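> Need a 3D model of the following:
(one chain, ligands or ions: 1)
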Amino acid sequence: DAMDTGHCETRMERDGREYQFDMTRIQADGEVVGAVLLTFDVTEQAYAERNRREFTANVSHELKTPLQGIIGSAELLENGMVRPDDVPRFVGHIRGEAQRLVTLINDILRLSELDEGGSLPTEPVELLSLCTDTVKSLESAAQQRQITMTVTGEAVTVSGVRRLLTETVFNLCDNAIRYNRPGGKVQIITTCNRDGHCSLTVADNGIGIPREAQASVFERFYRVDKSRSKATGGTGLGLAIVKHIARIHNARIKLESEVDVGTTITVIFETAH
Ligand code: ADP
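Have a look, this model is predicted:
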């Protein structure tokens with residue numbers, strides 16, 4: 001092909017890796033004197049492309065579902081099919097679904113912002129006080145579900161992006177409240193061990209995560225129980241965001257969970273400040 005047209009590209013897979021071949025014809029004085037063949041290992045790039053396609057398909061599905069609910073309710077109202085008594089319920093449904101869309105779009109934007117990468121400016125962040133502050137914004141949600149939250153541990157400082165670390169604590173605590181039972185507990189603990197590795201732990205005694213689902217909960221849009229996640233306002237992106245933020249901070253995540261006993265998620269920062 002390259003000999004006829006001057007250039008051609010093709011992709012091939014071998015031993016689990018994907019390669020791209022670029023061939024270009026070389027001419028001198030109107031005569032073909034040879035060809036240049038460039039080979040690129042595009043495995044990572046192909047993987048990212050597949051991920052992106054999958055993500056787009058998922059996003060479309062996730063956006064469509066609430067929109068269909070909104071359209072359905074609006075149509076019934078429009079056609080006078082709803083009894084006057086039921087009107088507030090239908091309008092409430094529309095508002096609720098619209099609210100869910102806003103939350104979802106915010107999470108999608110957050111993820112794509114993180115995907116963009118770029119180096120974010122870091123600063124020393126003290127985790128104990130960050131946790132205490134973040135927990136305050138979740139107090140009323142916890143109270144509504146009769147859940148007590150405690151923050152304990154030592155003041156530990158890591159080098160990081162304050163806004164993102166706040167988001168991590170928020171997402172982990174938000175889950176610990178939502179996948180819990182009335183009377184449940186959420187404990188937030190910050191510690192530093194002798195090697196100088198600091199960690200942030202969020203432990204709950206809620207419904208737990210089945211062993212076979214534990215590897216998947218950090219994937220985008222994965223939920224153990226779709227109806228529970230939706231009923232409590234989940235987007236399926238919370239832990240994907242946490243994973244992304246941990247990666248940015250060179251932090252490791254440890255998940256321990258047992259059904260009906262509870263879940264403990266620890267973010268371990270490899271480098272002490
Ligand atoms: P969601 O918006 O659905 O909460 P997440 O990405 O935050 O999405 O979490 C993914 C799934 O992991 C949840 O749908 C839920 O099934 C499970 N999960 C997350 N945190 C907990 C927890 N503390 N206890 C039990 N299950 C959890």
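
> drop to CA atoms for contacts and neighbour counts, all remaining ones
Noted.

> Strands along this structure, start to end?
7-14, 17-28, 31-41, 123-126, 148-153, 157-160, 185-192, 198-204, 251-258, 262-269 (DSSP state E).

> Looking at the ones you listed, which is nearest to residue 53?
Between residue 53 and these, the shortest gap by C-alpha to C-alpha is with strand 17-28, which sits at 17.3 Å.

> deepest of the strands of the chain, which one?
When the strands of the chain are scored by mean count of other C-alpha atoms under 10 Å, the highest mean neighbour count falls to strand 198-204 (a mean of 24).

> Most proximal residue of the stretch 1-150 of the chain with respect to the ligand?
Proximity of the stretch 1-150 of the chain to the ligand (C-alpha to the nearest ligand atom) peaks at residue 104, 9.0 Å away.

> That residue and residue 227: what is the separation?
16 Å (C-alpha to C-alpha, to the nearest Å).

> Determine which member of the two has the greater number of neighbouring residues.
Here residue 104 and residue 227 are set side by side on neighbour count (other C-alpha atoms under 10 Å), and the busier one is residue 104, at 20 against 11.

> in terms of contact, does that one touch residue 235 like I think?
Yes. Applying C-alpha atoms under 8 Å, one finds residue 104 in contact with residue 235, separated by 5.6 Å.

> which residues are common contacts for the two?
Common contacts of residue 104 and residue 235 (C-alpha atoms under 8 Å, 6 or more residues apart in numbering): none found.

> which residues sit in contact with the spatially most central residue of the chain?
Nearest to the geometric centre of the chain sits residue 240, at 2.1 Å (C-alpha atoms, centre = their mean). Contacts for residue 240 (C-alpha under 8 Å, 6+ apart) come out as 217, 218, 219, 220.
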